[in-house]
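Student: Just need the structure, nothing else, for what follows:
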Amino acid sequence: MADEYYDEAGAQAQKRVAMTADMRAQRQAVLARLALTRGAQVLDVGAGNGIMAQEILDIVGPDGSVSGIDSSNAMVAMAKAFCPGGDFRTGSATMLPFDAAAFDAVTTAQVLCFVEDRAAALAEMHRVLRPGGLLVILDSDWDSLVWATHRPDLLARIVTMLTDVYASAHVPRHLSADLLMAGFEIADRAVHPLTAWSLDEDRYAGQIATIATNMMAASDAFSAADLADWTADQDELVASGRFMFSLNRYIFTARRPG
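Tutor: Numbering: from 1, shown residues only. Predicted coordinates:
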């Protein structure tokens with residue numbers, strides 16, 4: 001993840017998203033597929049705020065370990081504070097600073113969308129996994145977005161703004177081929193929708209809507225009238241019971257043969 005994107009303010013915003021009910025459920029979906037046991041050695045690529053790492057550490061116990069890497073210094077600092085028992089380092093997904101076959105499991109969520117060279121990142125994850133180890137990847141395809149609005153033209157500009165930071169906003173459609181090319185066996189593929197019918201702050205939709213309006217307010221690409229129109233549009237949909245937000249995330253479980 002880009003350090004210039006997740007500065008201190010961005011890290012705090014991401015933490016608020018991570019604490020929502022939707023993100024708690026998402027982490028549980030990933031953990032269920034990792035099927036961790038006591039004593040496991042686990043790597044979180046793009047560890048972010050360390051919340052997932054702490055949940056992993058709670059499962060693997062004192063005989064296990066969790067390591068994390070993130071390109072954002074602000075995120076690494078947050079992870080160290082939230083999960084003091086983890087080993088967190090600043091670095092790149094395409095050059096992991098760990099020995100070969102060091103981990104029983106690797107996980108990465110909403111990270112490959114930021115990576116220009118997915119093949120290199122997957123090769124590194126393959127390298128650090130022990131034979132038979134599991135890799136669980138979660139990422140979004142933004143073409144799956146359904147966001148109720150009377151202003152589809154404005155929504156299209158907002159989505160472009162939200163996804164401009166990514167190397168790809170459509171990682172899942174390529175991931176099966178990418179995993180096979182990297183030498184993995186695909187064990188499972190599943191969809192994990194983030195759906196909301198209101199702008200509740202405890203849902204992903206509420207947090208991403210706040211992030212979007214804050215970004216609009218700070219961007220020269222949107223006028224004050226654009227922001228007012230968007231806010232009025234969303235308020236009216238919520239008040240009339242017609243609001244809807246849904247974005248599909250996809251979870252891939254793969255194994256290093258061995």
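Student: All the strands of the stretch 101-250 of the chain, in order from the start?
Tutor: Ranges of strands within the stretch 101-250 of the chain are 103-109, 129-140, 146-147, 185-196, 245-255, based on DSSP state E, counting those that start in this stretch.
Student: And the first one, what does it pack against?
Tutor: So that's strand 103-109. The contact analysis (3 or more CB pairs under 8 Å, 6 or more residues apart in numbering; DSSP states H and E) places strand 103-109 against helix 21-34, strand 41-45, helix 51-60, helix 118-128, strand 129-140. Heads up, the C-betas are built off the backbone N, CA and C, glycines and all.
Student: Most tightly packed of the ones you listed?
Tutor: A comparison of the helices and strands packed on strand 103-109 by mean neighbour count, using mean count of other CB atoms under 10 Å, puts strand 41-45 on top with a mean of 25.
Student: CA atoms of that strand as PDB?
Tutor: Taking only C-alpha atoms (Å, rounded to 0.1, in the frame of the first residue of the first chain), the coordinates of strand 41-45 have been written out as PDB:
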ATOM      1  CA  GLN A  41       3.600 -19.100  12.100                       C
ATOM      2  CA  VAL A  42       1.500 -16.600  10.100                       C
ATOM      3  CA  LEU A  43       2.400 -13.700   7.800                       C
ATOM      4  CA  ASP A  44      -0.100 -10.800   7.100                       C
ATOM      5  CA  VAL A  45       1.000  -9.000   3.900                       C
END
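Student: Which strands or helices does that strand pack on?
Tutor: Of the remaining helices and strands, those touching strand 41-45 by 3+ CB pairs under 8 Å, 6+ apart are helix 51-60, strand 65-70, strand 103-109, helix 118-128.
Student: Out of the helices and strands packed on strand 103-109, which gets nearest to residue 235?
Tutor: helix 21-34 (21.4 Å; CB to CB).
Student: so the closest one versus strand 41-45, what angle?
Tutor: Direction vectors for helix 21-34 and strand 41-45, defined by axes from the mean of the first three to the mean of the last three CA atoms, to 10 degrees, enclose an angle of 140 degrees.
Student: next one: helix 21-34 to chain centre, how far?
Tutor: Averaging C-alpha coordinates over helix 21-34 and over its chain gives two centres that are 11 Å apart (CA atoms, centre = their mean, to the nearest Å).
Student: for it, packing partners?
Tutor: Counting contacts by 3+ CB pairs under 8 Å, 6+ apart, helix 21-34 packs against helix 51-60, strand 103-109, strand 129-140, strand 185-196, helix 204-218, strand 245-255.
Student: The third one: how far from the chain's middle?
Tutor: In terms of CA atoms, centre = their mean, the centre of strand 129-140 is set 15 Å apart from its chain centre.
Student: how big is the angle separating that strand from helix 118-128?
Tutor: Regarding strand 129-140 and helix 118-128, their directions subtend 140 degrees when assessed with the same axes, to 10 degrees.
Student: check contacts around the residue nearest to residue 122 when sequence neighbours are not counted.
Tutor: Spatial nearest neighbour of residue 122, chain neighbours left out: residue 182 (3.9 Å); criterion: CB to CB, 6 or more residues apart in numbering. With contacts taken as CB atoms under 8 Å, 6 or more residues apart in numbering, residue 182 has the following neighbours: 119, 122, 123, 125, 126.
Student: From residue 89, how far out is the second one?
Tutor: Looking back up the chat, that one is residue 122. Noted for residue 122: a distance of 19 Å to residue 89, by CB to CB, to the nearest Å.
Student: Run through the residues that contact the nearest residue to residue 134 once chain neighbours are set aside.
Tutor: Distances taken as CB to CB, 6+ apart put residue 105 closest to residue 134, at 4.8 Å, once the chain neighbours are dropped. Contacts were defined as CB under 8 Å, 6+ apart; by that measure residue 105 touches 34, 36, 40, 41, 42, 43, 129, 133, 134, 135, 136.
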